[in-house]
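# Just to be clear, the model below is a prediction. Sequence and coordinates:
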Amino acid sequence: MSYAEPHDSGKRLTGLVIVVVFHVILGYALVEGLARRIIEVVRQPLETKIVEEVKPPPPDKPPPPPPKLAIPPPPYIPPPEVNVQASVTAPTITAVTAVKPPEPVPPPAAPVAPPAPVEKPRPPVKVAAVVDARACEKPPYPAAALRANETGVVQLNFLIDVDGSVLESNVARSSGSRRLDEAARQGLSLCKFKPGTTDGKPEKSWARIEYQWKIE
């Protein structure tokens, strides 16, 4: 086990104190001196400059030609106005006659074309029905009229259909006996005729027939 000498510890303490004091002085100097210098440097005004771009000089150009001077037109001088009055002479009458001059003949009028003929509608061709009593079957004589000796002539109007049959009939003139008239109508309904036509087309038409009743 060894022990340090007292004089050595004192030297060390002195050296340590000197180092501490040196650092304190150095730190103070730095804080007081350098800090102020830095603040002063920062506080100085900053100068800014605008640097303009330097343009190259334009190329050499020939000088512009001198302007052309136009020659002014000569002044216009209107010609003097000269009024010439022509002498008017009245027409002279050379001869006088009492004969009236002939009037001009107008040109002949252009011929007017005749109007085109207008076609008139052709009237329809009608053919009447053919009524032949011989084609009818003779109706039987009514027994009551026969016993009563009733005779006479019956005139009937009747309508013929397109097929020739009798559609209807009526008494135009009576025979004087209702039995004979009705018997004639019944016999006519059994007849068949040739119908009338218009332009060849069958159509309904009215006709008339007479039937004579007599006792033989």
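Received the coordinates, thanks.

# Any stretches of the chain with poor pLDDT?
The chain contains residues with pLDDT under 70 at 1-10, 29, 31-64, 66-70, 72, 75-76, 78-102.

# quick one, strands of it?
126-127, 152-160, 166-173, 196-198, 201-203, 205-213 (DSSP state E).

# Go through those and pick out the most buried.
Of all those, strand 152-160 carries the top mean neighbour count, a mean of 18, counting by mean count of other C-beta atoms under 10 Å. Heads up, the C-betas are built off the backbone N, CA and C, glycines and all.

# That one pairs with which strands, and in what direction?
strand 166-173 (antiparallel), strand 205-213 (antiparallel) (DSSP bridges).

# Dump that strand to PDB, restricted to CA.
Below are the C-alpha coordinates for strand 152-160, written out as PDB (Å, rounded to 0.1, in the frame of the first residue of the first chain):
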ATOM      1  CA  GLY A 152    -164.200  -8.600-116.200                       C
ATOM      2  CA  VAL A 153    -160.700  -7.300-117.100                       C
ATOM      3  CA  VAL A 154    -158.200  -6.700-114.300                       C
ATOM      4  CA  GLN A 155    -155.300  -4.300-114.800                       C
ATOM      5  CA  LEU A 156    -152.200  -4.900-112.500                       C
ATOM      6  CA  ASN A 157    -149.000  -3.000-111.800                       C
ATOM      7  CA  PHE A 158    -146.100  -5.200-110.700                       C
ATOM      8  CA  LEU A 159    -142.400  -5.000-109.900                       C
ATOM      9  CA  ILE A 160    -140.000  -7.300-111.700                       C
END
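
# returning to that earlier point: got the strands paired with strand 152-160 as JSON lines, with distance to Ile71 columns?
Conversion of these to JSON lines gives the following (distance: least, C-beta to C-beta, whole Å):
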{"stretch": "strand 166-173", "distance to Ile71": "121"}
{"stretch": "strand 205-213", "distance to Ile71": "116"}
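
# For Val24, which of those strands is the nearest?
strand 166-173 (160.4 Å; C-beta to C-beta).

# Now do the closest one: everything it contacts.
Under the contact criterion C-beta atoms under 8 Å, 6 or more residues apart in numbering, strand 166-173 has outside partners 153-161, 181, 185, 188-189, 191-193, 204, 208.

# if we go to 6 Å?
Strand 166-173 is contacted from outside by 155-159, 161, 181, 185, 188-189, using C-beta atoms under 6 Å, 6 or more residues apart in numbering.

# Identify the farthest-apart pair in these.
Farthest pair in those, by C-beta to C-beta: Asp161 and Asp181, 22.4 Å.

# want to try a markdown table for the contacts of strand 166-173, with distance to Gly200 as columns?
Listed next are these as a markdown table, based on distance: C-beta to C-beta, whole Å:
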| residue | distance to Gly200 |
| --- | --- |
| Gln155 | 31 |
| Leu156 | 28 |
| Asn157 | 26 |
| Phe158 | 23 |
| Leu159 | 21 |
| Asp161 | 17 |
| Asp181 | 36 |
| Arg185 | 31 |
| Leu188 | 27 |
| Ser189 | 28 |
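
# I'm done for today, thanks for sticking with me.
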